[in-house]
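In: sharing a sequence plus its predicted fold:
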Amino acid sequence: MGAYYCAICNQTTFCGKKKHIFGKNHQSRLRVVLLKFTEKVKEARRTLKKPQVEKFDCTQHKQKFWCYCCGLEVERNVTDDNMTVMYGGLLEHMATREHRNGTYKFWWDNKADPKLRDRVLITEEETERFKAEVAKVLECFVEKEDEYIKQQADVIRAQEKHRQEVFQCLLEVCFPKMQWPWLVFFYVRRKIPLFSS
Ligand SMILES: [Zn+2]
Ligand SMILES: [Zn+2]
């Protein structure tokens, strides 16, 4: 009997693979792993009908998750560094053929409860619907963003106009006789504000 490394238990056993897999330790550890794993997928699945799109946040949106079925790290979200579709990466991964094959193999190899298997699989129809919903949400998001930028531009324009009016007014009141070119020269060369507000 050769050595067998078990990724679930994170240990090497020498009693043989089959004996280890059916053993109490492995099975109880597997239950804990699957509970956490299926909970995570359940959380993601909740956004299938109502995708969560957020403004990109580099401290929050770069998380990865470990797919036990495929034995690899997968991006949890999908982002273009501007907007983030929460759980987009996870849902997309769970719908791939590779993940489906990996899941069947994982369940078989670990003698896991077949009733739980479908919980970590997303159907193609589900992802198609998800993508359609994401498109709708993104459209709405972009509209809102455009509106916000427009509002900000209006505010800046109004502030600029106000500043110019104040400046003009001060010129007329304080320096009615002073010549414009002088003022500009003075202002530009000294780089000091003429009037502090
Ligand atoms: Zn094990
Ligand atoms: Zn996977």
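Out: Nice, thanks for sending it over. Numbers count the residues shown, from 1 in each chain. Ligands and ions are numbered 1, 2, ... in the order given.
In: from Arg157, how far out is Arg163?
Out: For Arg163, the distance to Arg157 (CB to CB, to the nearest Å) stands at 11 Å. All C-beta atoms are positioned from the backbone trio N, CA, C, and that covers glycine.
In: same thing with Gly88?
Out: Taken as CB to CB, the span from Gly88 to Arg157 is 37 Å.
In: which of the two has more residues huddled nearby?
Out: The neighbour comparison of Gly88 against Arg157 (other CB atoms under 10 Å) goes to Gly88, with 23 against 10.
In: so what secondary structure elements neighbour the longest helix anywhere in the chain?
Out: Scanning the chain for the helix with the most residues, using DSSP state H, yields helix 124-174. Judged by 3 or more CB pairs under 8 Å, 6 or more residues apart in numbering; DSSP states H and E, helix 124-174 is in contact with strand 53-55, strand 83-85, helix 88-94.
In: contacting residues around the next helix or strand after the last one?
Out: Towards the C-terminus, the helix or strand next in line after helix 88-94, according to DSSP states H and E, is helix 97-110. For helix 97-110, the external contacting residues (CB atoms under 8 Å, 6 or more residues apart in numbering) are 8, 21, 26, 30, 67-71, 93, 112, 114, 117, 120-121.
In: same thing with stretch 116-132?
Out: With CB under 8 Å, 6+ apart as the test, stretch 116-132 has contacts from 34, 37-38, 41-42, 45, 47-49, 51, 69, 91-92, 94-95, 99-100, 103-104, 107.
In: can you select the buried ones among those for me in ChimeraX?
Out: Buried members of those can be picked out in ChimeraX with the line below, counting by 16 or more other CB atoms under 10 Å:
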select :34,37,38,41,45,47,51,69,91,92,94,95,99,100,103,107
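In: what's the closest of the helices and strands packed on helix 124-174 to ligand 1?
Out: helix 88-94 (23.3 Å; CB to the ion).
In: for ligand 2, see how far away the spatially most central residue of the chain is.
Out: The centroid of the chain falls nearest to His61 when counting by CA atoms, centre = their mean (3.5 Å). As judged by CB to the ion, to the nearest Å, His61 and ligand 2 stand 20 Å apart.
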